[in-house]
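*Asks:* What follows is a predicted structure for the sequence shown.
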Number of protein chains: 2
Amino acid sequence: MNNLQATSSKQMIIAHDIISKIKYRQYRPGTYLPSENQLTELYGSSRETIRKALNELNDLGMIQKIKGKGSIVLDTQRYTFPISGITSFKELNNSQEMNAQTKVLHNELSQVPEYFLARGVDETQEATFLERLRSVNGEPVVLDKDYLLKPSIQGIPTKEAENSLYEYLENQLGYQISYATKEVTVESPTDEQKSLLQLIDHEMVVAVRSMTYLNDTTLVQLTESYHRPDKFKFTDFARRKKI
Amino acid sequence: MNNLQATSSKQMIIAHDIISKIKYRQYRPGTYLPSENQLTELYGSSRETIRKALNELNDLGMIQKIKGKGSIVLDTQRYTFPISGITSFKELNNSQEMNAQTKVLHNELSQVPEYFLARGVDETQEATFLERLRSVNGEPVVLDKDYLLKPSIQGIPTKEAENSLYEYLENQLGYQISYATKEVTVESPTDEQKSLLQLIDHEMVVAVRSMTYLNDTTLVQLTESYHRPDKFKFTDFARRKKI
DNA sequence: TAGTGGTCTAGACCACGCC
DNA sequence: GCGTGGTCTAGACCACTAA
């Protein structure tokens, strides 16, 4: 089931349609898409609109455009835990058929931790602290510590916390989550992490710390995510940039 | 010194110019850029061209566009080791003033390792194996194992290997490096990794494995990069995608 | 030479924020 | 109501690929 969005622009409809045709193998990896001029007729739109749609696919690594030849469908199978891109655990769970579970350990007021203060967050900033342990097939894999900043967010119903934070913020509060910065490091675990993630002897944890912003650049969420190293994997698609 | 590229299109010239004005604080974080209509006059171009330039900056996380208001300059300082994006060690070194060094340990013919065979690379594929230890301030930080695939690449002069592989491929061989897939995991080190990276007791290594492709979808390079965990950090900027 | 993608234009209409 | 960014168009010229 695809995440149907309110992206009703012509270029997004076209992009989704082509993605769907790739997904269901009407367009196959290694073959060329119809040319931009043909797509122009197929969708009854201008060529620039077609090109904007194809650029979306290009950015996603689904096609490779070659001047003078055409657009080749690439062989992508998409994956595990993306650090690139913002996707919630719930969305991942849905798209990947994992047997996942979320346990809320804390949901209370708290201070913002040192890491974020050092990065410009105000020390007096009030926040709702949400600690959640994510398990897959009964095994703990991620410990999430979220700090939801006031006044944008006044608190999270625990029922929503067990579900999806992003869904709550976007659908219930009407916020537009727009972008985030992330930093990934590998660290020695604290005792809490050791016990909750059931780390053996000298295993380390993978720490992913992020700051999430709304469309109007309001900072709304700070997250510290601790992953079990043996369960941690992420994949990325990157284009060579010349900036 | 900026990496001046042969990107001579109007939209790229405009993008670079605005980036440069942000860099030198003519446009400051938290303030709005001139409106698209003003930029149209400033650069003597059409609005669509301006918009394509601004979209570049948007993708890079340098500005945030807000409908009805304008484009805000974001406070970005760019960082350490980007997994997102394709950048060579040499380019990083240049842009970050590290005191870095590269030692070539191996430069010879070899088989392709198992990991890549499992991902569709042909077992009979011939490759030049290049092993390099990267150090910063005298401390080893990364062990790179590159497999450069024939017939595209016939071999690498050791002098070039000490310098930049990408530079050699792009400038000497005239190849257009276009995209790459990457996978990051945390693993127990081999004895070789332990000794070369001077890992203490029970430290793990961060493994980054990637496959690099040319513009025409030719696979040219396989890389296994092993990072010392205490020296490993990367940052990412991500926009919320609704696909 | 014909077809492809890359760039650019001048103009249009829309949705949103603000006064 | 006015200015902002978001979308779309029809047409033009270019650079590259292939026959």
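*Replies:* That came in fine, so what should we check first?

*Asks:* Spell out which residues of chain A are next to DNA strand D.
*Replies:* Contacts of chain A with DNA strand D, taken as C-beta under 7 Å from any atom of the strand, map to A:9-12, A:44-49, A:52, A:66-69. Where you see a C-beta, it was placed from the backbone N, CA and C, and this is true even at glycine.

*Asks:* Show me which of these are buried.
*Replies:* A:11-12, A:45, A:49, A:52 (16 or more other C-beta atoms under 10 Å in any protein chain shown).

*Asks:* Quick one: the helices in chain A, in order.
*Replies:* Assigned by DSSP state H, chain A shows helices spanning A:10-23, A:36-43, A:47-59, A:89-96, A:114-117, A:158-162, A:165-167, A:191-196.

*Asks:* can you tell me the residue of chain A closest to chain B?
*Replies:* residue A:202 (3.2 Å; C-beta to the nearest C-beta).

*Asks:* So what does the closest residue to that residue other than its chain neighbours look like in phi/psi?
*Replies:* Leaving aside its chain neighbours, residue A:202 sits nearest to residue B:202 (3.2 Å; criterion: C-beta to C-beta, 6 or more residues apart in numbering or on different chains). Note on residue B:202: backbone dihedrals following degrees, to the nearest 10 are phi -110, psi 30.

*Asks:* didn't residue A:172 look like it was pressed against residue A:160?
*Replies:* Yes: counting by C-beta atoms under 8 Å, residue A:172 touches residue A:160, with 7.2 Å between them.

*Asks:* more neighbours, the two?
*Replies:* When residue A:172 and residue A:160 are compared for neighbours, residue A:160 comes out ahead with 18 against 11, by other C-beta atoms under 10 Å in any protein chain shown.

*Asks:* looking at chain A, which helix or strand is least sure?
*Replies:* helix A:89-96 (a mean of 60; mean pLDDT, DSSP states H and E).

*Asks:* The helices of chain A into a markdown table, with extra columns for distance to residue B:219?
*Replies:* Formatted as a markdown table, these follow (distance: least, C-beta to C-beta, whole Å):
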| stretch | distance to residue B:219 |
| --- | --- |
| helix A:10-23 | 20 |
| helix A:36-43 | 26 |
| helix A:47-59 | 18 |
| helix A:89-96 | 27 |
| helix A:114-117 | 39 |
| helix A:158-162 | 43 |
| helix A:165-167 | 36 |
| helix A:191-196 | 39 |
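
*Asks:* So for residue B:210, which of the ones you listed sits nearest?
*Replies:* With C-beta to C-beta as the criterion, residue B:210 lies closest to helix A:47-59 of these, at 18.1 Å.

*Asks:* And the average pLDDT for that closest one is what?
*Replies:* Average pLDDT, helix A:47-59: 96.

*Asks:* which one of the residues of chain A next to DNA strand D sits closest to residue B:178?
*Replies:* Nearest member of those to residue B:178, counting by C-beta to C-beta, is residue A:66, at 9.3 Å.

*Asks:* Burial check on the closest residue in space to that closest one that isn't next to it in sequence, number of neighbours?
*Replies:* Spatial nearest neighbour of residue A:66, excluding adjacent residues (C-beta to C-beta, 6+ apart): residue B:216 at 6.0 Å. Residues near residue B:216, counting by other C-beta under 10 Å, number 12.

*Asks:* so what's residue B:216 scoring on pLDDT?
*Replies:* For residue B:216, pLDDT reads 93.

*Asks:* That one contacts residue A:67, correct?
*Replies:* No: look at residue B:216 against residue A:67 with C-beta under 8 Å: they stay out of range, at 10.2 Å.

*Asks:* was I right about residue A:116 contacting residue A:147?
*Replies:* Yes: look at residue A:116 against residue A:147 with C-beta under 8 Å: they come within range, at 7.4 Å.

*Asks:* what is in contact with the two at once?
*Replies:* Listed contacts common to residue A:116 and residue A:147 are residue A:222; contacts here mean C-beta atoms under 8 Å, 6 or more residues apart in numbering or on different chains.

*Asks:* ok, how many other residues are close to the residue nearest to residue A:65 when sequence neighbours are not counted?
*Replies:* Of all residues not flanking residue A:65 in the chain, residue A:71 sits nearest, at 4.9 Å (C-beta to C-beta, 6+ apart). Around residue A:71 there are 22 other residues, counting by other C-beta under 10 Å.

*Asks:* How much space separates residue A:71 from residue A:54?
*Replies:* 6 Å (C-beta to C-beta, to the nearest Å).

*Asks:* shared neighbours, the two?
*Replies:* A:33, A:36, A:63, A:65.

*Asks:* just checking, the last one touches residue A:58?
*Replies:* Yes: between residue A:65 and residue A:58 there is a contact under C-beta under 8 Å: 5.8 Å.

*Asks:* And chain A, split by domain according to the record?
*Replies:* A:10-73, A:89-231 (automatic domain parsing).

*Asks:* possible to save the ones you listed as a markdown table with distance to residue B:137?
*Replies:* Formatted as a markdown table, the domains of chain A follow (distance: least, C-beta to C-beta, whole Å):
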| stretch | distance to residue B:137 |
| --- | --- |
| domain A:10-73 | 36 |
| domain A:89-231 | 19 |
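
*Asks:* If you average pLDDT over each of those domains, which is lowest?
*Replies:* domain A:89-231 has the lowest average pLDDT among the domains of chain A, namely a mean of 88.

*Asks:* show me what contacts the closest residue to residue A:40 other than its chain neighbours?
*Replies:* Of all residues not flanking residue A:40 in the chain, residue A:47 sits nearest, at 5.0 Å (C-beta to C-beta, 6+ apart). Shown in contact with residue A:47 (C-beta under 8 Å, 6+ apart): A:36-37, A:40.

*Asks:* ok so, going back, so how many other residues sit close to the residue of chain A closest to chain B?
*Replies:* 12.

*Asks:* quick one: it and residue B:199 touch, right?
*Replies:* No: taking contacts as C-beta under 8 Å, residue A:202 lies outside contact range of residue B:199: 11.6 Å.
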